[in-house]
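Q: Provide a 3D model corresponding to the input given below.
(chains A and B)
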Amino acid sequence: MKPSVPKGTRDFSAEEVGKRHFIFDTLRKVFVKYGYRPIETPTMEKLETLTGKYGEEGDQLLFKVLNNGDFLNKADKEALASLDSKKLTPSISKRGLRYDLTVPFARYVVQHQNDISFPFKRYQIQPVWRADRPQKGRYQEFYQCDVDVVGSTSLMYEAELVQIYDEAFANLGLEVEIKISNRKILTGIAEAAGIPDKMVEMTVAIDKLDKIGMDGVKTEMERKGIPTASIEKIENILENNTLDALKYALASSEAGLKGIEELETVFNYLSKGNAKNDIKFDITLARGLSYYTGFICEVASKQVKMGSLGGGGRYDDLTGMFGLKGVSGVGVSFGAARVYDVMNELNAFPSASEADLKVLLIAFDQATHDFAFEQLTQLRQAAINADLYPEPAKMKKQMKYANSRKVPYVVLIGSQEMESGQLSLKNMETGEQDSKTLKEIIDILK
RNA sequence: GUGGUUGUAGCUCAGUUGGUUAGAGCGCCGGAUUGUGGUUCCGGAGGUCGUGGGUUCGACCCCCAUCAUCCACCCCA
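A: The predicted structure is shown next:
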């Protein structure tokens, strides 16, 4: 059997992990500065916690964990006999892999409501699993990175999260555009167009605007049974998309006006800061069918053509599904894999990592190898990432190894060096070589 | 879940209408060079042709199934 990993999963090399850590470390520093604390939840949740939270499609994409022990004996015999997988599942599986970080977070908040104080601010960086069919940039196992605050309806947090986006991407060295809007404005448009019951269909269509264009959006709405007169009205509103123009267009809609007001409050907060990236109102922002109820946002790279690098919004009643009513939350998510891809394409990762090996020691016989081990220990005590070739092999072999590990320096230790204490320090890039004492070498490599 | 693509050496890929011993480049190992890598030259190792079945005198090649891969759709990150 050829060794391989399961469908939709991947190995990560040391280099890739290093880059990902750079991203996460950068994000963590920003989150902590804004007062967010990390939490972690289990890889597995009870299936009852997960099912029904992501719609019927989502339930199918849940990875289920087979019960331990004699699970067949306890299985639903009727479902088993009729080969009804869906009906059989609850009796043979009581756990599933985490599908996202939001639902476990909601469960966490409700479960620990007496131990946490609101507003509760947390961030969470963990892998999630989906039994989706893999595709470009889509895997069955991937990292999510969420920042949320629950237990407050203050629009200050909307602004704060936009600032976090701004600062985080600036620190990563990326230029982005942060697009913000409000679900209530979409509700307002649907009301103003006289199709409040078709709001979801309209939203899904508008969301695709930059992908399929205005004509495509119109055909899609037509197909979903939205009357031509309404479509024209919607198109009109979408094309006059300043907040001021919207105030007139949505004058008849209470929800629409509320959405505009909320957005203005957010912009007012933001005007007090000095954002490094563009922050724009984007009326076409819709964010799929998700549970967002107010503020919504999305981040796009200005340097590379790619889907969004992150998104989020406010959701009323996140914890309602677990029996805790009236707790509002707002949060954003960083698409770790896409941020990684963009940075890779732009060569935005710092070239040398602190985790890289600085120097490799090379010895020629057993005596110098033993001596070199002493020098190695001292280098490491001086906090220098150092390594020694494990045996006194041929020089060519050792040099080749140094090359393949991309070590910037090599220290050669033969009998001459051992006796004089003057070690040969070779710069692998320039090829230059000098005699130095260990102390001098430590100073150079520090 | 739907439709399509590809699967041959560690990697990237050739392989003729089905024909006898399946190739290249890169990488790897050894030597030229017993204290100098990244260049060059010479030599070598490495394959159940994804897996299982079928058709055939004969299958890397044709058929079926299965697994994996990549791509599009649905949906999503």
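Q: could you report the pLDDT at the closest residue to RNA strand B within the stretch 101-250 of chain A?
A: In the stretch 101-250 of chain A, no residue comes nearer to RNA strand B than residue A:136, which is 2.8 Å away by C-beta to the nearest atom of the strand. Backbone N, C-alpha and C define where each C-beta goes, glycine included. You'll see residue A:136 listed with a pLDDT of 79.
Q: likewise for residue A:289?
A: So residue A:289 comes in at 57 (pLDDT).
Q: residues touching the nearest residue to residue A:240 once chain neighbours are set aside, list them.
A: Distance criterion C-beta to C-beta, 6 or more residues apart in numbering; nearest residue to residue A:240, sequence neighbours excluded, is residue A:249 at 6.8 Å. Neighbouring residues of residue A:249 by C-beta atoms under 8 Å, 6 or more residues apart in numbering: A:189, A:192, A:236-237, A:240.
Q: rerun that using 10 Å as the cut-off
A: A:188-189, A:192-193, A:233, A:236-238, A:240-241, A:256 (C-beta atoms under 10 Å, 6 or more residues apart in numbering).
Q: distance check, it against residue A:22.
A: Counting by C-beta to C-beta, to the nearest Å, the gap from residue A:249 to residue A:22 is 45 Å.
Q: can you tell me how far the residue nearest to residue A:240 sits from residue A:285?
A: 17 Å.
Q: and whichever strand or helix holds residue A:443, does that touch RNA strand B?
A: Per DSSP states H and E, residue A:443 falls inside helix A:438-445. No - using C-beta under 7 Å from any atom of the strand, we find that helix A:438-445 stays clear of RNA strand B, coming within 14.1 Å at best.
Q: what of stretch A:328-347?
A: Yes - contact of stretch A:328-347 with RNA strand B (C-beta under 7 Å from any atom of the strand) involves A:333, A:335, A:337-338.
Q: list only buried entries from the residues you listed.
A: By neighbour count, with 16 or more other C-beta atoms under 10 Å, the residues of stretch A:328-347 next to RNA strand B hold A:333, A:335, A:337-338 as buried.
Q: inside helices: which ones of those residues?
A: A:337-338 (DSSP state H).
Q: can you list the buried ones among the residues of stretch A:328-347 next to RNA strand B in JSON lines and add pLDDT?
A: As requested, those are arranged in JSON lines below (pLDDT from 0 to 100):
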{"residue": "A:333", "pLDDT": "92"}
{"residue": "A:335", "pLDDT": "87"}
{"residue": "A:337", "pLDDT": "85"}
{"residue": "A:338", "pLDDT": "84"}
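Q: for the stretch 301-446 of chain A, which residues are neighbours of RNA strand B?
A: A:307-308, A:310-311, A:333, A:335, A:337-338, A:364, A:394-397, A:399-400, A:402-404, A:412, A:414-417, A:424, A:426, A:428-429, A:431, A:433.
Q: filter the residues you listed down to the buried ones, PyMOL style.
A: To isolate the buried ones among those in PyMOL, judged by 16+ other C-beta under 10 Å, type:
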select buried, chain A and resi 308+310+311+333+335+337+338+364+399+402+412+414+417+424+426+428
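Q: correct me, but residue A:229 touches residue A:221?
A: No - Residue A:229 is not in contact with residue A:221 according to C-beta atoms under 10 Å; the separation is 11.7 Å.
Q: for the two, list the residues in contact with both.
A: Contact criterion C-beta under 10 Å, 6+ apart; residues shared by residue A:229 and residue A:221: A:193, A:195.
Q: so which of the two has more stuff around it?
A: residue A:221 (24 against 11; other C-beta atoms under 10 Å).
Q: if you count contacts, what does the helix holding residue A:443 end up packed against?
A: Judged by 3 or more C-beta pairs under 10 Å, 6 or more residues apart in numbering; DSSP states H and E, helix A:438-445 is in contact with strand A:359-363, helix A:366-381, strand A:386-388, strand A:409-413, strand A:423-427, strand A:433-436.
Q: most packed of those?
A: Per residue and on average, the most neighbours among the helices and strands packed on helix A:438-445 fall to strand A:359-363, with a mean of 25 (mean count of other C-beta atoms under 10 Å).
Q: which other helices and strands contact that strand?
A: Against strand A:359-363 (3+ C-beta pairs under 10 Å, 6+ apart) you get helix A:366-381, strand A:386-388, helix A:395-404, strand A:409-413, helix A:415-420, strand A:423-427, helix A:438-445.
Q: may I see those arranged in TSV, with mean pLDDT as well?
A: Compiled in TSV, the helices and strands packed on strand A:359-363 are given as follows (pLDDT from 0 to 100):
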stretch	mean pLDDT
helix A:366-381	95
strand A:386-388	94
helix A:395-404	90
strand A:409-413	95
helix A:415-420	92
strand A:423-427	94
helix A:438-445	95
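Q: what parts of the stretch 101-250 of chain A come near RNA strand B?
A: Residues of the stretch 101-250 of chain A lying near RNA strand B (C-beta under 7 Å from any atom of the strand): A:130, A:132-140, A:142, A:144, A:204.
Q: hmm, 6 Å instead?
A: A:130, A:132-136, A:138-139, A:142 (C-beta under 6 Å from any atom of the strand).
Q: out of these, who's the most crowded?
A: residue A:130 (22 neighbours).
Q: will you turn the helices and strands packed on strand A:359-363 into CSV that also has distance to residue A:210?
A: Formatted as CSV, the helices and strands packed on strand A:359-363 follow (distance: least, C-beta to C-beta, whole Å):
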stretch, distance to residue A:210
helix A:366-381, 53
strand A:386-388, 50
helix A:395-404, 45
strand A:409-413, 50
helix A:415-420, 64
strand A:423-427, 50
helix A:438-445, 50
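Q: and the helices in the stretch 1-150 of chain A?
A: Ranges of helices within the stretch 1-150 of chain A are A:14-33, A:47-50, A:55-60, A:77-81, A:85-92, A:102-111, based on DSSP state H, counting those that start in this stretch.
Q: quick one: mean pLDDT over the shortest one.
A: So the one you mean is helix A:47-50. So the average pLDDT for helix A:47-50 ends up being 92.
Q: try the fourth one
A: Here helix A:77-81 scores 82 as its mean pLDDT.
Q: which strands or helices does it pack on?
A: Under the contact criterion of 3+ C-beta pairs under 10 Å, 6+ apart, helix A:77-81 touches helix A:85-92.
Q: next one: the longest one
A: Contact analysis of helix A:14-33 by 3+ C-beta pairs under 10 Å, 6+ apart lists strand A:37-38, strand A:120-129, strand A:141-150, helix A:156-172, strand A:329-334, helix A:336-346 as its packing neighbours.
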